[in-house]
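Participant: Quick one, structure for this:
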Amino acid sequence: MKFTKVKAALIGGVFAASAAQAINVDALFEGQWYRTDIDGGQGWSLDYMKIGPEKGSFFVSGYVYDDNGTPFWVVGQDSDVQAGESTLNFDLLTVTGGSFDGASSRAVESFGTMTMEVNTCRSISVNITGIDSTFVAQTTSSFELSPFDEITGFPRDIASCPYQEPFTSCPSFATPAQQPKTCIVQGTLTGDVTFTNNANWVLNGGVFVGEDGGTAGNLTIEPGTRVLGVSGNDFLAVQRGSKIFAEGTPQAPIVFTGPFNASAPEAGAGNWGGLVISGRAPLNICDDSVPFGQCEAVGEGGSGLYGGDDPFDSSGVLKYVRIQFGGFRINDEDELNGLAVQGAGSGTVLDYIQVHANEDDGVEFYGGTANAKHVLLTGIKDDSLDWTHGWQGKIQYLIVKQDPDAANAKERGIEADNFEDNNEATPRSMPMIANATFIGGPSDDKTTTGMVLRRGTGANFTNVIVTGFEKCLDLDSGATFAAAGTPDNLTGTLTMENTVISCDVNFEEEDGDAFTVQAFFEAQNGNMVADPALNNIYPTANTPAGMMMDAEKWGAFFDKVTYRGAIKDKATAWTNGWTEFLD
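Facilitator: Numbering: from 1, shown residues only. So this is what the prediction gives:
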C-alpha cells in the first residue's frame, strides 16, 4: 500500500481531549461487571441513558464489602458521555442506611473519584483515588473489570459486541495524532486496508481508495468506527475499480463526521467534506463522438474519474452508515455532497444510510445504476436527493426531513435531471422510487419544493407522501413533459401513483407547459391531495392506506408492501437504534 505520512501536529488541538478516544461507550456496555484480581466481594453495575444526539449519561454502582465484612454501595454518574469517548470519570459516593419508605436514616458521603478506561467489550481498566479506609482493597487503586455476562451469557451477548480488540498503535499506513487512539490518513490507500473500531480515523485532505487505472484498494471499516474530517477539504473518495466495505450494525453504526461531537454547538454543515463512491457504470453526458461505455466525467471536488460500460459494477458496501455535518462549497458549480454516488453500478450495496446536515445535497447520483434501501436524509441545506447524468437505479424506503432554516433560496426534497446540456440524452435518467416520505418545514423567505422533476428526467414513483413544503410537485422543461406523454396517454417514462400530497401549493403550474401538473397527478391510480396525518416521520391510524405494488413492474429488488411512505409503524421503524437527529 502507498501512503504519504504527515505530522501529527496538523491535527493537534482540533479535538477536545474527551472526544477522541475511539470507542462509543453506550448501552452495549450496560450490565454487571466483576473485579478480576480478587475472589468475590466486589461487583459493579453499569447503566447508560441516552440524553441527546451522540450523548448520554452513564451510571456506575459498586457493591463492596469493608474490612469487617459489612456490605455497602458506591455510586457515581458521568453525565456527559459523548460518542467516541472511551474514558469515563465519576465522583463516587457511598450510600448506607435508609429505607424504601422514605426514612431519613440514609447517609451519603464522598468516597473518591473513579476513572474508567473502556478497552474492549471484555475489559475496563479502573483507577480510584481518595479511597476510604473502609474499602476492601484500600492498598490498591487500579484494577480490571470483566463482564459477568461472559460467564452467564445473560443479558448481553458479548461476542456480538464489535469492540473486541484493544488499541495498541496506528498501522503503518497512518500517523499517530496527539490525541489518544487517533490515527491520521492522507493520500492514496492501495491494497487491503482496515479502519479498526478501536481508533478514530482522521482524514487529512482528499483520501483516495485505490488509483484509477492503477493499483486498486479495498477499504474495510469495522462496525462502530468513527471517521473524521477537520475541514471542508477533507473527504474520502473510492476510485473506479476499488471498493469500500463499511458494514456497521444497528447497535454500532459507522459514522463519518467532523471534529465536533453531534451535541456540540460547533457541529454543523460544512465541518468536513464528504464521501464519494465512483464506479464504471454508464453515463449519458458524452456526444456521439464518444463510443458508449467510454463516456466518463471528473467528480466534483477533484474526487476522481467515473463512468464506463459495466452497469453491474460494484464499488462495495455501505450498510448502517451515518454521514453527518459534511459538504463543502468550492464554488457555485463545484460542491461536495454528503454522499456522491458517481457512475456506481448495481453491484454496489447501499442500505441503511443516513445523511444529516450537509452543506450541499444529501445524496446525489451521477449516472450509473446503483440502488439503495433504507435512506434517511435530515437537515440537508440544499437538495436532499439529487440525480443527473442518466441515473437508472432504484430506491425503496426513503425519508427526507428537510431543514426549514437552510440558507439556500430554493431547497428541494428532490431535484432531478436527465442531463442539463442535452435533455434528450440517453440512457435517460429513470429511477424507480417506492415508499418515500418527504417532509418540508415552514419558511418565511424561501421557496421550498417537495419534488422538482426537470430537464427530461424520467422516474416511476409509488406509495409516496409529500407534505409540509411550500410547493409539493413541479414538472419543468419541455423535454420532461414530452417524455411523460400526456395525462390521457402516459408513456410510462414518468409516472406517479399511490401518492399523497399536502402543501401550501400542491402543484406548481407555469405558462407554456404542455399540460398541467395537476392533470398529470390526477390521471394516475391512487393519487390524492390529503393530509397524511403523520406524527413526525411516522404514520398514524389516520394516514391514508396505500395499494399493493405491481410485482411485475416493480421487480425483485422491491419489497411488495401496501403502505404509503417509508415506514409501516413507529414500533418497527427501520430508523430505530442507529439514527440520530429525528426529534
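
Participant: tell me what whichever strand in the chain runs longest is packed against?
Facilitator: In the chain, with assignment by DSSP state E, the single longest strand is strand 107-120. With contacts taken as 3 or more CB pairs under 8 Å, 6 or more residues apart in numbering; DSSP states H and E, strand 107-120 sits against strand 87-96, strand 123-129. Yep, even glycine has a C-beta here, placed from its N, CA and C like the rest.

Participant: Mind checking those for the one nearest to Ala262?
Facilitator: Nearest to Ala262, of all the helices and strands packed on strand 107-120, is strand 87-96, at 18.3 Å by CB to CB.

Participant: who wins for proximity to Val202 among the helices and strands packed on strand 107-120?
Facilitator: Per CB to CB, nearest to Val202 of these: strand 87-96, 18.3 Å.

Participant: tell me the angle that closest one makes with strand 123-129.
Facilitator: Interaxial angle, strand 87-96 versus strand 123-129 (axes from the mean of the first three to the mean of the last three CA atoms, to 10 degrees): 60 degrees.

Participant: List the buried residues in strand 87-96.
Facilitator: For strand 87-96, a neighbour-count test (16 or more other CB atoms under 10 Å) marks Thr87, Leu88, Phe90, Leu92, Leu93, Thr94 as buried.

Participant: Provide the strand pairings for the longest strand of the chain, with the direction of each partner.
Facilitator: In the sheet, strand 107-120 lines up against strand 87-96 (antiparallel), strand 123-129 (antiparallel) (DSSP bridges).

Participant: Turn those strands into CSV, columns for distance to Pro171.
Facilitator: Listed next are the strands paired with strand 107-120 as CSV, based on distance: least, CB to CB, whole Å:
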stretch, distance to Pro171
strand 87-96, 22
strand 123-129, 21
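
Participant: Any chance of those in TSV with mean pLDDT and distance to Gly327 as columns?
Facilitator: TSV is the format used below for those (pLDDT from 0 to 100; distance: least, CB to CB, whole Å):
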stretch	mean pLDDT	distance to Gly327
strand 87-96	89	31
strand 123-129	90	37
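
Participant: so Phe521 sits in a strand?
Facilitator: No - under DSSP: H, G, I helix; E, B strand; the rest coil, Phe521 sits outside any strand and is assigned helix.

Participant: Check what pLDDT it gets.
Facilitator: We have a pLDDT of 98 for Phe521.

Participant: measure it to Thr480 for me?
Facilitator: Phe521 is 14 Å from Thr480, where distance means CB to CB, to the nearest Å.

Participant: Please say which of the two ends up with more neighbours.
Facilitator: Higher neighbour count among Phe521 and Thr480: Thr480, with 26 against 21, using other CB atoms under 10 Å.

Participant: element containing that one?
Facilitator: Using DSSP states H and E, the element containing Thr480 is helix 478-484.

Participant: quick one: contacts of that helix?
Facilitator: 418, 423-424, 428, 453-458, 475, 490-491, 493-495, 513-515, 520 (CB atoms under 8 Å, 6 or more residues apart in numbering).

Participant: buried residues in it?
Facilitator: Ala479, Thr480, Phe481, Ala482, Ala483, Ala484.

Participant: And the next helix or strand past that helix?
Facilitator: Taking DSSP H and E, what comes next after helix 478-484 is strand 485-486.

Participant: any idea which of the buried residues of helix 478-484 is closest to Cys121?
Facilitator: Thr480 (53.1 Å).

Participant: Need the max-distance pair from the buried residues of helix 478-484.
Facilitator: The span of the buried residues of helix 478-484, defined through CB to CB, is set by Ala479 and Ala484 at 9.7 Å.

Participant: what's next to the helix or strand encompassing Leu145, contact-wise?
Facilitator: Here Leu145, judged by DSSP H and E, is contained in strand 142-147. Here strand 142-147 makes contact (CB under 8 Å, 6+ apart) with 31-37, 44, 116, 121-128, 137, 156, 158.

Participant: After the lowest-mean-pLDDT helix or strand in the chain, heading C-terminal, what element do we hit next?
Facilitator: Averaged element by element with mean pLDDT, DSSP states H and E, the chain has its least confident helix or strand at helix 149-152 (a mean of 58). Per DSSP H and E, the first helix or strand lying C-terminal to helix 149-152 is strand 175-176.

Participant: Report all helices and strands that that following strand contacts.
Facilitator: strand 182-189.

Participant: can you pull the contacts of Phe521?
Facilitator: Per CB under 8 Å, 6+ apart, neighbours of Phe521: Leu473, Met496, Thr499, Ile501, Phe507, Asn527.

Participant: Any regions of the protein where pLDDT drops low?
Facilitator: Along the chain, segments meeting pLDDT under 70 span 1-21, 40-41, 102-104, 131-141, 149-157, 329-334, 404-410, 442-446.

Participant: any idea which residue sits dead centre in it?
Facilitator: Arg322 (1.5 Å; CA atoms, centre = their mean).

Participant: pretty sure that residue belongs to a helix, no?
Facilitator: No - per three-state DSSP, Arg322 lies outside any helix segment and is strand.

Participant: How much space separates it from Gly413?
Facilitator: For Arg322 relative to Gly413 (CB to CB), the value is 20 Å.

Participant: and if you look at Val185?
Facilitator: Applying CB to CB to Val185 and Gly413 gives a distance of 35 Å.

Participant: Val95 too?
Facilitator: In terms of CB to CB, Val95 sits 53 Å off from Gly413.

Participant: One more: Phe521?
Facilitator: Relative to Gly413, and taking CB to CB, Phe521 is found at 16 Å.

Participant: and if you look at Phe312?
Facilitator: Phe312 is 29 Å from Gly413, by CB to CB.

Participant: So the two - more neighbours on which side?
Facilitator: The neighbour count for Phe312 versus Gly413, taken as other CB under 10 Å, is higher for Gly413 (28 against 12).

Participant: one step back: could you single out the nearest of the contacts of Phe521 to Glu165?
Facilitator: Thr499 (48.6 Å).

Participant: quick one, what contacts that closest one?
Facilitator: Per CB under 8 Å, 6+ apart, neighbours of Thr499: Phe461, Thr462, Asn463, Val464, Ile465, Val466, Phe521, Gly526, Asn527, Met528, Arg564.
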